[in-house]
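> Generate a structure from the sequence data that follows.
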Amino acid sequence: MARLNTLRYGRAAVLTLTGAYFLVPLACAVAFSIGAGVPGQDIGFEAYTGILTAGGFTDSLALTLELAAATIVLVLGLLVPALITVRLAAPRLRTLVEIVCLLPLVVPAVALVAGFSAVLGWGSDHFVGTPLFQVLVELQNPQFPLVLVLAYTLMALPLAYRTLDTGLAAIDLRVLVEAARACGAPWPRTLLHVVLPNLRGALLNTAFLTLALVLGEYTVAAILGYQPFAVWILAISGSQAQMSVAVSVMGLLVTWVLLLIIATAGRARRPKETS
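Next up is the predicted model:
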């Protein structure tokens, strides 16, 4: 009995310290954003009510969401077929695929963007007047910089690989595919109606992690000269510090809500009990 009480109190202490570690800084940020404790300023919610009308907010957020959607599509389009193929037809290549997908972990974001900048600069100098030059121009289009999609895809590969690989390991992929093929289902139907529904949780988690990465990434976009959401927040911090903190708080809360929604949506439905 004494041991159970000790474990209970220890668990409560750990949970309390963990909650304080996350909630105290958040509470301080909220207090600063509403003016609590700021000398010569009354408490108010102008920092929150003025977010939607702040200059550049809508454009930067829309650009970030568009980049996130394109990155999610590209990551899933690359990894899902590759991992399924490796597990079914080429298991010896699994180690090589894992190394390639995890390699971005050891490449700092600054080094990655330096490589992109060097390649784009070299290509612009050597391919003037060719179709490849137009491709390089489109990659750097300020309205929708595809170069950021490529960079974010590389940065998301390690997280996406681990999530999808775990999801594939949790199902008997070979049996599912062979059963569907034995019933006469073609490969596209097998993938869309048999494999992907069983990977719903892994797909949703991959999409969420990629979205979170794109929303919070600053280094690559700032060095390349673009202004998505994270860069915009820092840009307004000098003139509107309270609003930048308010936007960060709202972004954190929205991220938590999305995480809860994805966790609920990805939870497998329990079969109904039959009497």
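> Can you name the helix or strand that the spatially closest residue to Glu217 that is not a sequence neighbour falls in?
Setting aside the residues directly before and after it, Glu217 is nearest to Ala230 in space (CB to CB, 6 or more residues apart in numbering), at 6.1 Å. (Glycine included, C-beta is placed from N, CA and C.) Here Ala230, judged by DSSP states H and E, is contained in helix 229-237.
> Check which helices and strands the first helix or strand past that helix going along the chain sits against.
Per DSSP H and E, the first helix or strand lying C-terminal to helix 229-237 is helix 241-265. Here helix 241-265 touches helix 2-33, helix 46-49, helix 200-216, helix 229-237, going by 3 or more CB pairs under 8 Å, 6 or more residues apart in numbering; DSSP states H and E.
> got a list of contacts for the shortest one?
Okay, so that is helix 46-49. Here helix 46-49 makes contact (CB atoms under 8 Å, 6 or more residues apart in numbering) with Ser33, Ile34, Gln240, Gln242, Met243, Val245, Ala246, Met250.
> What residues of it count as buried?
Residues of helix 46-49 classed as buried: Ala47, Tyr48 (neighbour count, 16 or more other CB atoms under 10 Å).
> what's the answer for the first one, then?
For helix 2-33, burial by neighbour count (16+ other CB under 10 Å) applies to Ala29, Val30, Phe32, Ser33.
> Just give the nearest non-adjacent residue to the last one, would you?
Counting by CB to CB, 6+ apart, the nearest residue to Ser33 once its immediate chain neighbours are dropped is Ala246, at 4.1 Å.
> Surely Leu83 touches Thr166?
No. The pair Leu83 / Thr166 is not scored as a contact, 10.7 Å apart, by CB atoms under 8 Å.
> So the two - more neighbours on which side?
Remark: of Leu83 and Thr166, Leu83 carries more neighbours, 23 against 12, as counted by other CB atoms under 10 Å.
> Would you map out the domains in the protein?
The record's domain parsing of the chain by automatic domain parsing lists 1-38, 54-265.
> Comparing the ones you listed by mean pLDDT, which bottoms out?
Per-stretch mean pLDDT for the domains of the chain is lowest at domain 1-38 (a mean of 80).
> What separation do you get for the residue at minimal distance from the centre of the chain and Ala68?
Taking CA atoms, centre = their mean, the centroid of the chain lies closest to Thr210, which sits 2.0 Å from it. Distance, Thr210 to Ala68, using CB to CB, to the nearest Å: 7 Å.
> Find residues that contact each of these two.
Tyr152.
> on that earlier part again, would a markdown table of the helices and strands packed on helix 241-265 with distance to Trp187 be doable?
Shown next, in a markdown table, are the helices and strands packed on helix 241-265 (distance: least, CB to CB, whole Å):
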| stretch | distance to Trp187 |
| --- | --- |
| helix 2-33 | 45 |
| helix 46-49 | 50 |
| helix 200-216 | 18 |
| helix 229-237 | 38 |
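> need the contact list for the residue nearest to the centre of the chain.
For Thr210, the contact set (CB under 8 Å, 6+ apart) comprises Ala68, Thr71, Ile72, Val75, Tyr152, Ala156, Leu159, Ala160.
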